[in-house]
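Peer 1: Next input, structure requested:
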Amino acid sequence: MTAALLVAFGLLTPQSDAVFAAQTELQGLYDEISAASQQFATADDIDQFHSVFYTPDWVFVDGSGQKETWQQARVRAIQALTAPPMDSMGQPIQKLTLLPDGATVTVNVVTVRTVVDAEGRYGRAGGTHTLTETTPFRDRWVRSGDKWMLKSREQIGKPIVAVDKS
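Peer 2: Alright, predicted model coming up:
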C-alpha cells in the first residue's frame, strides 16, 4: 500500500510542478497588468500594453453574456482614463487548470477606491469612504512560444462591493 502511494505521488509530481510553475508565472503577469493599469495615461499606453500581453483576437464577455472585441472594450478602457484613480488593484488567482495549449484561470479582480459620497449612499453626505470591489472572472491564457498571452476574459459573477472594509 505504501509503495502504491509513493508511485502515485511520484506520478503526480510533474503535473503539480507544472501547475505551480504556470500559476507562479501567471500571477506575476496579473500583478504586472494590475500595476500597469493604474499607470495608463493615454490611449497609446493602453494599446501598447494590449499588444504585448493580449492576443489580437482577445474577447471580453460581461456578466450578462454580452461579448465584446478588443476594439469595443478599448473604448471603455480609454474612458476609464478620466475616472477617479484606483488606490490599488490586485488579481489573485483562485484556480488554475492547465490545458494542452495554455491555461484556464479563475481570478478575482479586486479594486480599491477612495470616494467622496456626495449623495450619502454609504452614510453622511459628503463623507469619504473606501470601496473595495471584487469581481470574479474566468480567463483563458495561451502559450505563444515561451510567452503567455491573454486570449479571453469572462465575468462569472456579480461584483461585490465592501464599504470601508479591507
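Peer 1: Please make it C-alpha for all contacts and neighbour counts, starting now.
Peer 2: Will do.
Peer 1: how would you label Arg74: helix, strand or coil?
Peer 2: helix (DSSP: H, G, I helix; E, B strand; the rest coil).
Peer 1: Next, the contact list for the closest residue to Gln38 other than its chain neighbours, please.
Peer 2: Nearest residue to Gln38 in three dimensions, chain neighbours excluded: Met86, at 6.7 Å (C-alpha to C-alpha, 6 or more residues apart in numbering). If you count contacts by C-alpha atoms under 8 Å, 6 or more residues apart in numbering, Met86 has them with Gln38, Thr111, Val112, Arg113, Thr114.
Peer 1: Likewise for Leu150?
Peer 2: By C-alpha under 8 Å, 6+ apart, the neighbours of Leu150 are Phe53, Tyr54, Thr55, Trp58, Asp139, Arg140, Trp141, Val142.
Peer 1: Please repeat the previous calculation with a cut-off of 6 Å.
Peer 2: Tyr54, Trp141 (C-alpha atoms under 6 Å, 6 or more residues apart in numbering).
Peer 1: Relative to Gly157, how far out is it?
Peer 2: Noted for Leu150: a distance of 19 Å to Gly157, by C-alpha to C-alpha, to the nearest Å.
Peer 1: and what of Gln23?
Peer 2: The gap separating Gln23 from Gly157 is 22 Å, by C-alpha to C-alpha.
Peer 1: And for Trp141?
Peer 2: 19 Å.
Peer 1: And these two? Which one has more around it.
Peer 2: Trp141 (23 against 15; other C-alpha atoms under 10 Å).
Peer 1: which intervals of the chain have sub-threshold pLDDT?
Peer 2: Applying pLDDT under 70 to the chain picks out residues 1-14, 166.
Peer 1: just the strands in it please.
Peer 2: 54-61, 67-69, 88-90, 93-99, 102-117, 127-144, 147-155, 160-163 (DSSP state E).
Peer 1: Dump the ones you listed into JSON lines; add distance to Leu81 as well.
Peer 2: Output for the strands of the chain, formatted as JSON lines (distance: least, C-alpha to C-alpha, whole Å):
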{"stretch": "strand 54-61", "distance to Leu81": "19"}
{"stretch": "strand 67-69", "distance to Leu81": "19"}
{"stretch": "strand 88-90", "distance to Leu81": "15"}
{"stretch": "strand 93-99", "distance to Leu81": "26"}
{"stretch": "strand 102-117", "distance to Leu81": "14"}
{"stretch": "strand 127-144", "distance to Leu81": "18"}
{"stretch": "strand 147-155", "distance to Leu81": "20"}
{"stretch": "strand 160-163", "distance to Leu81": "21"}
